[in-house]
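Trainee: build the 3D model from these lines:
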Amino acid sequence: MLFIPLPLVIVAGGKSSRMGSDKALLPFGDFKTLTEYQLNRLKPYFPSLHISAKNSAKFQFEASFIEDISSYSEHSPLIALLSILEHFQTPVCILSVDTPFVTPEVFEKLYKQLDHHDAVIATSPCSSHQLCAIYAPSITEKIRELLSHNEHKIRLVLQQSNTHYVPFEDDTLFLNLNYPEEYNKAQELL
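Mentor: Down below sits the predicted model:
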């Protein structure tokens, strides 16, 4: 059976401003929340699963939570990434909560390319996917430096790091639920 020997962290701390409500808490499939859906379907493929959030109090279920470092007040994927890497001190698989069709095989392919890279990022014809990736703790200093200048773009860290991009042909795998119509489409695809 397919198994990726790294922790997986589901990033669920965004503001969800385009959705109009917290997408991490939206019902999905047979689950009360999209977050629980992601945890349940991916659990067999990783040694441990965790949820990254600004504040775990919004979740009404038991899980392993990694809260953002409290000295940062902004909502930022870069702050989440720093918090995660400082927690583990090892390479970590990262997946945004709002991409429910990314398969374990995607992470298997990323893992096979990890080698000595700081980051291994999935790409597809439509885009690169910084929150479907594996990050190594070797980038934490670069993240701290950017945050000290109030810079929150993951792309800037990737430009300054030993980043490897892994292409995938199918955009559907990376369908991202930012707007209500995308959420509705994803429900139909289940």
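
Trainee: centre-most residue in this structure?
Mentor: Leu95 (2.5 Å; C-alpha atoms, centre = their mean).

Trainee: so that one belongs to a strand, correct?
Mentor: Yes - counting by DSSP: H, G, I helix; E, B strand; the rest coil, Leu95 falls inside a strand.

Trainee: that one pairs with what?
Mentor: Legend: beta-bridge partners of Leu95 under DSSP bridges are Ile10, Cys132.

Trainee: buried ones in stretch 113-131, by neighbour count?
Mentor: By 16 or more other C-beta atoms under 10 Å, the buried positions in stretch 113-131 come out as 114, 117-122, 124, 128-131. C-betas here are computed from N, CA, C, even on glycine.

Trainee: what does that stretch contact?
Mentor: Residues outside stretch 113-131 that contact it (C-beta atoms under 8 Å, 6 or more residues apart in numbering): 11, 77, 91, 94-96, 99, 102, 106, 110-111, 132-136, 138-139, 154-155, 157-158, 161-171, 173-174.

Trainee: 7 Å instead, please
Mentor: Contact partners of stretch 113-131, identified using C-beta atoms under 7 Å, 6 or more residues apart in numbering, comprise 11, 77, 91, 94-96, 106, 110, 132-136, 138-139, 154-155, 158, 161-168, 170-171, 173-174.
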